[in-house]
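**Q** structure, please.
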Amino acid sequence: MTRAAATMTSDDNTTGSNVPEMFRSLPNRIRIWEVGPRDGLQNEATAVSTEIKLEFIDRLADAGLSVIEATSFVHPTWVPQLADADALFAALNQRAGVVYPVLVPNERGLQRALVVGASDVAVFASATETFARKNLNRTYDEQWAMFEPVVAQARAEGLTVRGYLSMCFGDPWEGSVAPARVVDAVQHLRDLGCGEISLGDTIGVGTPVQVAAVITEIAEAGVPIESLAIHCHDTYGQALANTVAAICAGVTTVDASAGGLGGCPYAHSATGNLATEDLVYALRGMGIDTGVDLDQLVATSTWMATHLGRPSPSRVVRALATSETP
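**A** Numbers count the residues shown, from 1 in each chain. You can find the predicted model right below:
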């Protein structure tokens, strides 16, 4: 099968009168929050130069991605792969219509982000006690006090603030996570002033019904569903299915990583993120627009894979990058 034929496959299934009820109220468009340059590269063993990272970000913008999380202003000791955050962000070729959020773990990180002119920041909280201690060196309750001045100053400076919430569907130390705990953490982040909250399946143990149930419980607690995003890892091969379940539950912002890159340095069972290519392919087949050029994105992830010295884990990248006429 040629690449052109392969890329048409998903489009052939977008219509039909026998669509199940759960798929009849899908959004017309999904906003993809591309995390490849930050979450995708933070756990890579292979060192990636600042120049390659900058080209990666440019290529992602060329492919039509309008939100590209550029880096994290975390201490280099904890995430060495992102030690060039200041230099990278200062050198970004920022384009009109593209947003370049950054992660700021604390007040020091926020100050660094302000110096280089970041306009969108994110904090990273935990829905569980154990991961809060391991990742933040704080208890579940103490983390909110740590984030309060960060979010307050960011908003005072006119920045938009996102809240990442990890371990929403399972924790490697505590096991399953009660939906009520997730609701409580989401409400804490909203009270702090986070305009959007990304629900993370950090170790990829969630399943579609579980994801939909948690999102429904959050919405029933009075949280606007348009303020939620979904962030799935693919440890058990459930990332795409879980994301579709979240979309069916009303979520319209999806985190994904080009080529399926990613992991979490503080949760070793967390493997790669949902591949942006796999997401785009599925959404196009569902009749949902993303504004992303799939072939160009595949080419970008194939290019990055050569710099990392290993093939992309994305199934769509592998299928389209190797398609040949029989």
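**Q** gap between E148 and R162?
**A** From E148 across to R162, the span is 16 Å (Cβ to Cβ, to the nearest Å). The C-beta positions use only the backbone N, C-alpha and C, and glycine is treated the same way.
**Q** ignore the last one, A229
**A** Distance of A229 to R162, given as Cβ to Cβ: 8 Å.
**Q** need the overlap of contacts for these two.
**A** Shared contacts of A229 and R162 (Cβ atoms under 8 Å, 6 or more residues apart in numbering): 196-198.
**Q** need the helices for this protein, in chain order.
**A** Taking DSSP state H as the test, the helices found in the chain are 3-8, 50-62, 85-91, 107-115, 129-136, 142-156, 179-192, 208-220, 239-248, 276-285, 294-308, 315-322.
**Q** mind putting these in JSON lines, distance to L26 included?
**A** Formatted as JSON lines, the helices of the chain follow (distance: least, Cβ to Cβ, whole Å):
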{"stretch": "helix 3-8", "distance to L26": "20"}
{"stretch": "helix 50-62", "distance to L26": "25"}
{"stretch": "helix 85-91", "distance to L26": "35"}
{"stretch": "helix 107-115", "distance to L26": "35"}
{"stretch": "helix 129-136", "distance to L26": "33"}
{"stretch": "helix 142-156", "distance to L26": "32"}
{"stretch": "helix 179-192", "distance to L26": "24"}
{"stretch": "helix 208-220", "distance to L26": "14"}
{"stretch": "helix 239-248", "distance to L26": "7"}
{"stretch": "helix 276-285", "distance to L26": "9"}
{"stretch": "helix 294-308", "distance to L26": "19"}
{"stretch": "helix 315-322", "distance to L26": "20"}
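**Q** mean pLDDT lowest where, among these?
**A** Comparing mean pLDDT over those, the weakest stretch is helix 3-8, at a mean of 42.
**Q** can you point out the buried residues in stretch 301-321?
**A** Neighbour-count burial for stretch 301-321 flags 301-302, 304-305, 307-308, 312-321 (criterion: 16 or more other Cβ atoms under 10 Å).
**Q** quick one: the nearest residue to L159 once chain neighbours are set aside from G163, how far?
**A** Here the nearest residue to L159 in space, its sequence neighbours aside, is V121; by Cβ to Cβ, 6 or more residues apart in numbering that works out to 5.4 Å. Counting by Cβ to Cβ, the gap from V121 to G163 is 10 Å.
**Q** again, but for A275
**A** 24 Å.
**Q** any idea how far I197 is from the spatially closest residue to T253 that is not a sequence neighbour?
**A** Among residues not flanking T253 along the chain, A229 sits closest, at 3.9 Å (Cβ to Cβ, 6+ apart). Plainly put, A229 is 7 Å away from I197 if you go by Cβ to Cβ.
**Q** which of the two has more neighbours?
**A** Of the pair A229 and I197, I197 is the one with more neighbours under other Cβ atoms under 10 Å, namely 26 against 22.
**Q** now the more buried one: how far from R31?
**A** 14 Å.
**Q** now render the shared contacts of A229 and R162 as TSV, adding distance to E157 and pLDDT.
**A** Shown next, in TSV, are the shared contacts of A229 and R162 (distance: Cβ to Cβ, whole Å; pLDDT from 0 to 100):
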residue	distance to E157	pLDDT
E196	17	98
I197	20	98
S198	21	98
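**Q** just the ones of the residues you listed in strands?
**A** 196-198 (DSSP state E).
**Q** spatially nearest residue to R155 (excluding sequence neighbours)?
**A** G193 (5.2 Å).
**Q** which residues does the residue most central in space within the chain form a beta bridge with?
**A** Geometric centre of the chain, nearest residue: D255, 2.9 Å, by Cα atoms, centre = their mean. Following DSSP bridges, D255 is listed with bridge partners W33, H231.
**Q** so who does it touch?
**A** Counted by Cβ under 8 Å, 6+ apart, D255 has contacts 32-33, 35, 39, 198, 229-232, 273-274.
**Q** over to A239?
**A** Neighbouring residues of A239 by Cβ under 8 Å, 6+ apart: 201, 204, 232-233, 273-275, 278.
**Q** from those, keep the buried residues only.
**A** Counted by 16+ other Cβ under 10 Å, the contacts of A239 give 201, 204, 232-233, 273-275, 278 as buried.
**Q** and which of those residues is nearest to L92?
**A** Checking the buried ones among the contacts of A239 against L92 by Cβ to Cβ gives N273 as the nearest, at 21.3 Å.
**Q** distance of the closest one relative to G158?
**A** 29 Å.
**Q** kindly report the same for D184.
**A** 29 Å.
**Q** neighbour count: the two, which is higher?
**A** Legend: neighbour count by other Cβ under 10 Å for D184 and G158, higher for D184 (13 against 7).
**Q** end to end on stretch 167-177, go ahead and measure it.
**A** Using Cα to Cα, to the nearest Å, the end-to-end distance of stretch 167-177 comes out at 8 Å.
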